[in-house]
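Student: can't give you the sequence, but here's the structure:
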RNA sequence: GUCCCCAUCGUCUAGUGGCCUAGGACAACGCCCUUUCACGGCGUCGACGGCGGUUCAAACCCGCCUGGGGACGCCA
């Protein structure tokens, strides 16, 4: 495992500029989200800039709605970006001006070979057990521009391309592994690697943090930088995120887009915390606020190996944030979920009260809203858990409920202590154990065994509803 | 096929030659707390892929093997 320290504060001279460059062909996925978070953190840690570039050159699959969705996820995660958005489709002329420079300085040449001919060359090489590559036959032919002609980079014939990756350490590739790649297609459009190099240079990017799958593009891009005489940025290739089964993340693994987690009631700080911790560490610390992350994340301690996504740990983190978030803040986030659960518009103060009672019993907003159900429906609508009925609503249990109903009919529901005292007095006066009356009360009031402190439940329910539920349970 | 990358408990990880009879967290299990559930506390289970080498000493360095992943486009 490489352990290169690039980012001692005093070694950074120029301003750090990072970028995240998604293709708007889908929603923001957790892998991309993690990359974006790393880029953002590095920039923020060093007081630099974080840019967004939309790589929309795949006209077929790119859609505005995806760009919008990605931006929405970015905002939800709290990743603000600097400057304007850059759209690659709007910069074709710029890319080609750099291709022209390469043509002029002799680092590129026109090629008239057809794709079929190139395929044949590759096939031939492959048959000999060699790396499939273009044989460079137009290198010296000077074919010039023309119909069907593309432009290729005149790559060096010998030597190695070496770079120090922030996460993987030194990576060296022999140029014989690379071929004279096309940098401008016959239709005049630049190719991906060309566009990326030009963009990263033009945007002043100092640190390119991206997915693992780009390591093999890096030497190619470095060749372009060198041919152009441009400074090469620092690269950091973060490994991919695997499914819980260690297989590539796919549909069958469930949620993969951050928007899905949002809809499921996750808190953004939980997702960010989880994702950062997946592939980066700071000793044994598990919980980090955004501020802490900004302070701590200096580009070191990123893990070079792929990590499996663990939904359980995410839920645990989320549950942690659910119970530590200031109550009013949690309530605000909860409101839409309460509405989505079909309870209509519920008074905010009531939601807050219920949230305080149930927050440590739920691990996400959706679950929490759902936990309110027994309190928001009427006695007749309440459904009972079979196990609870069997265990608690026995003949004896019902007798206690009937007796307590009488006592509560006289009670003042404005005072929680009174409501509690009634139960205890009843237990004492009849020489009972609390567990003889507690469980029946729970099932009668909530429909299941478990839940918050009974007097609190009764307070929320109110007198009429409490009595109705006791009545119904007695006669069930 | 060729090249590149990766390899510590089930999972995320700590670990940069002696502090390691390998630490933390999630999960699982058990106990405690408790008016139930949950929270919390305590504990149990559980890993350095294999083989060689370097060294007084290796999870850490080197080599080979094995296993996994990625890349080899006029896709991005």
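Tutor: Ah, there it is. None of the values given here were measured: they were computed from a predicted structure.
Student: run through the strands of the stretch 201-350 of chain A in chain order.
Tutor: Under the criterion DSSP state E, counting those that start in this stretch, the stretch 201-350 of chain A contains strands at A:207-211, A:234-238, A:241-242, A:307-308.
Student: what packs against the second one?
Tutor: Applying 3 or more Cβ pairs under 8 Å, 6 or more residues apart in numbering; DSSP states H and E, one finds that strand A:234-238 makes contact with helix A:30-45, strand A:160-165, strand A:207-211. Placement of C-beta: from N, CA and C, glycine included.
Student: among those, which is nearest residue A:15?
Tutor: helix A:30-45 (9.1 Å; Cβ to Cβ).
Student: quick one: mean pLDDT for that closest one?
Tutor: Across helix A:30-45, pLDDT averages out at 96.
Student: if you count neighbours, what's buried in it?
Tutor: For helix A:30-45, a neighbour-count test (16 or more other Cβ atoms under 10 Å) marks A:30-45 as buried.
Student: just put the helices and strands packed on strand A:234-238 in JSON lines and tack on distance to RNA strand B.
Tutor: Formatted as JSON lines, the helices and strands packed on strand A:234-238 follow (distance: least, Cβ to the nearest atom of the strand, whole Å):
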{"stretch": "helix A:30-45", "distance to RNA strand B": "10"}
{"stretch": "strand A:160-165", "distance to RNA strand B": "8"}
{"stretch": "strand A:207-211", "distance to RNA strand B": "9"}
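Student: need these in CSV with distance to residue A:106, can you?
Tutor: Shown next, in CSV, are the helices and strands packed on strand A:234-238 (distance: least, Cβ to Cβ, whole Å):
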stretch, distance to residue A:106
helix A:30-45, 35
strand A:160-165, 19
strand A:207-211, 27
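Student: out of those, which comes closest to residue A:340?
Tutor: Counting by Cβ to Cβ, residue A:340 lies closest to helix A:30-45 out of those; the figure is 22.6 Å.
Student: ok so, going back, can I get the strands of the stretch 201-350 of chain A in a markdown table with mean pLDDT?
Tutor: Below are the strands of the stretch 201-350 of chain A laid out as a markdown table (pLDDT from 0 to 100):
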| stretch | mean pLDDT |
| --- | --- |
| strand A:207-211 | 96 |
| strand A:234-238 | 96 |
| strand A:241-242 | 94 |
| strand A:307-308 | 94 |
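Student: turn those into CSV, columns for mean neighbour count.
Tutor: Listed next are these as CSV, based on neighbours: other Cβ atoms under 10 Å:
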stretch, mean neighbour count
strand A:207-211, 22
strand A:234-238, 22
strand A:241-242, 20
strand A:307-308, 16
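Student: mind putting the ones you listed into JSON lines with distance to residue A:411?
Tutor: Converted to JSON lines, the strands of the stretch 201-350 of chain A look like this (distance: least, Cβ to Cβ, whole Å):
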{"stretch": "strand A:207-211", "distance to residue A:411": "63"}
{"stretch": "strand A:234-238", "distance to residue A:411": "61"}
{"stretch": "strand A:241-242", "distance to residue A:411": "55"}
{"stretch": "strand A:307-308", "distance to residue A:411": "54"}
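Student: closest one to residue A:163 among those strands?
Tutor: Evaluated with Cβ to Cβ, those place strand A:234-238 nearest to residue A:163, the distance being 6.0 Å.
Student: does RNA strand B sit close to that closest one?
Tutor: No: Strand A:234-238 lies out of reach of RNA strand B by Cβ under 7 Å from any atom of the strand, never closer than 7.7 Å.
Student: now swap in stretch A:276-286 and tell me
Tutor: Yes: against RNA strand B, stretch A:276-286 shows contacts by Cβ under 7 Å from any atom of the strand at A:277-279, A:281, A:283-284, A:286.
Student: report the rounded mean pLDDT for that stretch.
Tutor: pLDDT averaged over stretch A:276-286 gives 95.
Student: residue A:425 is nearest to which of the strands of the stretch 201-350 of chain A?
Tutor: Across these, closest to residue A:425 is strand A:307-308 (Cβ to Cβ), at 55.0 Å.
Student: so what strands line up beside the closest one?
Tutor: Sheet pairing here is set by DSSP bridges, and for strand A:307-308 it gives strand A:241-242 (parallel).
Student: mind checking how far residue A:213 is from residue A:203?
Tutor: Here residue A:213 is placed at a distance of 21 Å from residue A:203 (Cβ to Cβ, to the nearest Å).
Student: for the stretch 251-400 of chain A, which residue gets nearest to RNA strand B?
Tutor: At 3.0 Å from RNA strand B, residue A:305 is the closest residue in the stretch 251-400 of chain A, using Cβ to the nearest atom of the strand.
Student: distance of residue A:253 from residue A:242?
Tutor: With distances taken as Cβ to Cβ, residue A:253 is found 9 Å from residue A:242.
Student: shared neighbours, the two?
Tutor: Residues touching both residue A:253 and residue A:242 (Cβ atoms under 8 Å, 6 or more residues apart in numbering) are residue A:309.
Student: thinking again about what came up before, now, among the buried residues of helix A:30-45, which is nearest to residue A:449?
Tutor: Checking those one by one against residue A:449 (Cβ to Cβ), the nearest turns out to be residue A:30, at 36.4 Å.
Student: residues in contact with the closest one?
Tutor: Neighbouring residues of residue A:30 by Cβ under 8 Å, 6+ apart: A:241, A:249, A:256-258, A:261, A:271, A:275, A:309.
Student: of the residues you listed, which pair is most distant in space?
Tutor: Of all pairs drawn from the contacts of residue A:30, the greatest distance, 14.9 Å, lies between A:249 and A:271 (Cβ to Cβ).
Student: mind checking pLDDT for residue A:357?
Tutor: For residue A:357, pLDDT reads 96.
Student: skipping its backbone neighbours, what lies nearest it in space?
Tutor: Nearest non-adjacent residue to residue A:357, counting by Cβ to Cβ, 6 or more residues apart in numbering: residue A:452, 4.1 Å away.
Student: ok, the one you found touching residue A:359?
Tutor: No: if you go by Cβ atoms under 8 Å, residue A:452 and residue A:359 don't touch, sitting 10.1 Å apart.
Student: quick one: which of the two has more around it?
Tutor: Neighbours were counted for residue A:452 and for residue A:359 using other Cβ atoms under 10 Å; residue A:359 has more, 21 against 18.
Student: helix, strand or coil for that one?
Tutor: Taken by DSSP: H, G, I helix; E, B strand; the rest coil, the conformation at residue A:359 corresponds to helix.
Student: for stretch A:368-384, list every residue counted as buried.
Tutor: So, applying 16+ other Cβ under 10 Å, buried residues of stretch A:368-384: A:368-376, A:379, A:382, A:384.
Student: from residue A:276, how far out is residue A:51?
Tutor: Remark: distance between residue A:51 and residue A:276 (Cβ to Cβ) = 20 Å.
Student: wait, residue A:431
Tutor: 57 Å.
Student: more neighbours, these two?
Tutor: residue A:276 (21 against 6).
Student: need the contact list for the more buried one.
Tutor: Contacts of residue A:276 by Cβ under 8 Å, 6+ apart are A:34, A:37-38, A:41, A:288, A:293, A:297.
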